[in-house]
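1. Just to be clear, the model below is a prediction. Sequence and coordinates:
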Amino acid sequence: MLRRRLIPKLQIKRAGFGGGTTMILVTTRRFADVLEIGDPVSQARIYEAQAADELICVDLDATRENRPCAVDVVRKIAEQVCMPLTVGGGVRTIDDFRTLLSNGADKVAINTIALTNPDLINEAAKMFGAQCVVVSIDYKTETNGRRSIWSHGGRIAAGPDALAWAIEAERRGAGEILLTSIDRDGTREGLDCEFTRKVVGQVAIPVVTSGGCGLARHFVDGFLTGGADGVSAGTYFCFKDENPMQTRSQIANAGIPIRQQRMQSVSSVLDTITPITGWIRV
Amino acid sequence: MVGVVDYGMGNLLSVINALELLGADARLCRYPEDLSECDRLVLPGVGAFGDCMHNLKRSGMIDALDLAVRREGRPLLGICLGMQALAERGFEGGEHRGLGWIEADVIPLKPAEPNLRVPHMGWNDITVCNDSPLFRGLPESPEFYFVHSFHVHCRDESMIAAQCDYGGKFTSSVCKDNIVATQFHPEKSQYCGLKVLSNFLTWKP
């Protein structure tokens, strides 16, 4: 049976120190209140050891700073993990897709460019396969209950109807939808299960939801109430004692199909694998 | 040396990383002559079947692979699209000819349960069907990472090494002579995946 996915999110931006050349892991709250946490590559290694199912890495300011995604960091992260890696931020062209995919990304998330040039979804899906095209949708909840779309890292209003946009993204060939509730980002108050459920009901591709996880129960809600295929969280795994392993056991206890607890991380398990030195020459 | 066939399809870096993590000396093979130094080969790939065959043909790899694998008997591991390429025909975006090394067609994944989504993306467990060398030493019902919309339908069931259930069973691994292949991505499947790669590297067909 297909497992639901537990996906730590690495949000990176240029550090406030050292002339802004270092990329640093941060957390945000409602897409603001940036807190610098540490080195994204070390954090990726920790998530690998804790047997996360997948990672998402987002270069938060690449689009706004009009620069390409931090490829060198992506490559270093990819070298540290043996799990699927989605990368987003600053993607504008098919060449950007190619660059990220050849530097260790398995999927590329597009957000702003998908809104300004939606044909890129079709082209990328045709060129690289739908499975590696993730359309990321950042949205806010309006007073009428509608979810409006926001681009450029939540700074620019980009459309009234996130649900309709998710449907169109699928129609154009997206292989996965990544939802982020701006209102809930970093608040730890719980996911937007209501809207997640709506999107899940309207598209046939996998939906990953994020924004608001503060308790293991919120993941359970995202799967059970929201119907999400994956739940992603940044802040949750950065600050608290919780880690993917503990969260996983609580999700499993709620009867949700999730990958089994395997303490064996890549590094700890290499000892148990037959040394390759003796492999046979033909 | 392990050769990873580079024909412009997908994330080869992860395959190289995983093989190197296991201590193997891995190299990318872009040209037919690159294969000659390699004791065993990995045919990876993500993308569409037609493009895959087109690229293999254009780079002259089809004949080179045929020589190395079928005539010289070097072990080959196909991964994902690299497993599908072994089939006779693929039906992704029209009908295309595959390498034809296994008696199989590549057909769309159609889960019998309507709530199951395509692509089949994520971690799923497999049932090992025969004593495949690829799955020795793994826990029961090992879990692997899948990403695909098509699957390999084998006409000769004896070559099925493992099956996976996604609204119906499909072949998730094949083994025939010196050829093994997985629909899932061992290089993305942490412990279980590394074990599979390690088994391949020590396999004597």
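-> Nice, thanks for sending it over.
2. which residues of chain B score low on pLDDT?
-> Applying pLDDT under 70 to chain B flags residues B:10.
3. Break down it into its strands, ranges please.
-> B:2-5, B:26-29, B:40-43, B:76-79, B:89-90, B:96-97, B:104-108, B:120-128, B:143-148, B:150-154, B:160-165, B:169-176, B:179-182 (DSSP state E).
4. Which helix or strand contains the spatially most central residue of chain A?
-> Taking CA atoms, centre = their mean, the centroid of chain A lies closest to A:Ile56, which sits 3.2 Å from it. Assigned by DSSP states H and E, A:Ile56 belongs to strand A:55-59.
5. That strand near chain B anywhere?
-> No: on the criterion CB under 8 Å from any CB of the partner chain, strand A:55-59 is out of touch with chain B, staying 10.8 Å away. Just so you know, the C-beta spots here come from the backbone N, C-alpha and C atoms, and that holds for glycine as well.
6. do the same with stretch A:60-76
-> Yes: using CB under 8 Å from any CB, stretch A:60-76 reaches chain B at A:Arg75.
7. what about that stretch, start to end distance?
-> 18 Å (CA to CA, to the nearest Å).
8. which parts of that stretch are buried?
-> Within stretch A:60-76, the residues that qualify as buried are A:60-64, A:68-71, A:73-76, counting by 16 or more other CB atoms under 10 Å in any protein chain shown.
9. Give me the mean pLDDT for it.
-> Summarised as a single mean, pLDDT over stretch A:60-76 is 91.
10. got it, and stretch A:130-149?
-> Mean predicted lDDT for stretch A:130-149 stands at 95.
11. quick check, it touching chain B?
-> Yes: counting by CB under 8 Å from any CB, contacts between stretch A:130-149 and chain B involve A:Ala130, A:Gln131, A:Cys132.
12. Put together JSON lines for the residues you listed, with neighbour count on each row.
-> Output for the residues of stretch A:130-149 next to chain B, formatted as JSON lines (neighbours: other CB atoms under 10 Å in any protein chain shown):
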{"residue": "A:Ala130", "neighbour count": "24"}
{"residue": "A:Gln131", "neighbour count": "25"}
{"residue": "A:Cys132", "neighbour count": "27"}
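13. Of those, just say which sits nearest to A:Ile110.
-> Checking those against A:Ile110 with CB to CB, the nearest one is A:Cys132 at 10.8 Å.
14. Just give the nearest non-adjacent residue to the closest one, would you?
-> Spatial nearest neighbour of A:Cys132, excluding adjacent residues (CB to CB, 6 or more residues apart in numbering or on different chains): A:Lys107 at 4.6 Å.
15. Kindly report the same for B:Thr182.
-> B:Ser173 (4.8 Å).
16. Could you do B:Gly82 as well?
-> Distances taken as CB to CB, 6+ apart place B:Leu43 nearest to B:Gly82, at 3.6 Å, with adjacent residues excluded.
17. dump the residue contacts of that neighbour.
-> B:Leu43 makes contact with B:Val5, B:Leu65, B:Leu76, B:Leu77, B:Gly78, B:Ile79, B:Gly82, B:Ala85, B:Ala181 under the criterion CB atoms under 8 Å, 6 or more residues apart in numbering or on different chains.
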